[in-house]
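Asker: the amino acid sequence is not available; the structure is as follows:
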């Protein structure tokens, strides 16, 4: 019995090692949204540029658009920003969801990098608001919403040029032509 107890730490260590090794091969951006093919949650949120002005779900409906969750504190958001700008230049409406950020830092980010967003929602704490209801784990995350407010696509992590060309723009065009 005492001999078996001697091997217990080794067995636990090996099991944990296998678990961690398996996790290294997983793609964190492949996480599916629980809201896929479901309605965008109802919300009423302040705008980043004016906290007195509120934006609701219904204000955004009627066209296909992206919701891009970003923050000035997020290194990957800086990396993907050129692609978000490109999507906006391609005529894709992009709604920003400034997440767990401070207004002055967010304004500085947009001033330095450019503002691709048709409107920016402001969620300073990320608790019990749109990001929470979307199941956001962090920034960046991007959601494609169709004209009727249904979540049609989700990217968890940085958007790359290849993703824009091969997935996002074709998905946007598909849903723009679906109605």
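Answerer: Done, it's in. As the structure is a prediction and not an experimental result, all values here were calculated from the model.
Asker: can we go C-alpha only for contacts and neighbour counts from here?
Answerer: Will do.
Asker: confirm for me that residue 79 is in contact with residue 158.
Answerer: Yes - counting by CA atoms under 8 Å, residue 79 touches residue 158, with 7.3 Å between them.
Asker: and the helices in the chain?
Answerer: Listed in chain order, the helices found in the chain under DSSP state H are 2-24, 57-60, 75-89, 103-113, 130-134, 161-163, 169-176.
Asker: which of these comes out lowest on mean pLDDT?
Answerer: The stretch with the lowest mean pLDDT among the helices of the chain is helix 2-24, which comes in at a mean of 57.
Asker: burial count for residue 91?
Answerer: For residue 91, the neighbour count with other CA atoms under 10 Å is 9.
Asker: wait, residue 175
Answerer: The burial count assigned to residue 175 is 18, neighbours taken as other CA under 10 Å.
Asker: distance of it from residue 158?
Answerer: As judged by CA to CA, to the nearest Å, residue 175 and residue 158 stand 22 Å apart.
Asker: and if you look at residue 136?
Answerer: 14 Å.
Asker: next: residue 174.
Answerer: From residue 174 to residue 158 the distance is 22 Å (CA to CA).
Asker: swap in residue 49?
Answerer: Using CA to CA, residue 49 is found at 24 Å from residue 158.
Asker: ok, now residue 178?
Answerer: Counting by CA to CA, the gap from residue 178 to residue 158 is 27 Å.
Asker: so for the two, which sits in the more crowded spot?
Answerer: Of the pair residue 178 and residue 158, residue 158 is the one with more neighbours under other CA under 10 Å, namely 20 against 9.
Asker: tell me the phi and psi of the more buried one?
Answerer: Dihedral angles of residue 158 (phi, psi; degrees, to the nearest 10) stand at phi -70, psi 140.
Asker: residue 141 is in contact with that one, correct?
Answerer: Yes - counting by CA under 8 Å, residue 158 touches residue 141, with 7.3 Å between them.
Asker: which residues sit against stretch 136-155?
Answerer: Applying CA atoms under 8 Å, 6 or more residues apart in numbering, the external contacts of stretch 136-155 come out as 29-33, 35-40, 57, 61-71, 74, 76-77, 99, 156-158, 171-172, 175-176.
Asker: let me see the mean pLDDT of that stretch.
Answerer: Averaging pLDDT along stretch 136-155 gives 96.
Asker: buried residues, that stretch. List them.
Answerer: Using 16 or more other CA atoms under 10 Å as the burial criterion, the residues of stretch 136-155 that qualify are 136, 138-147, 149-155.
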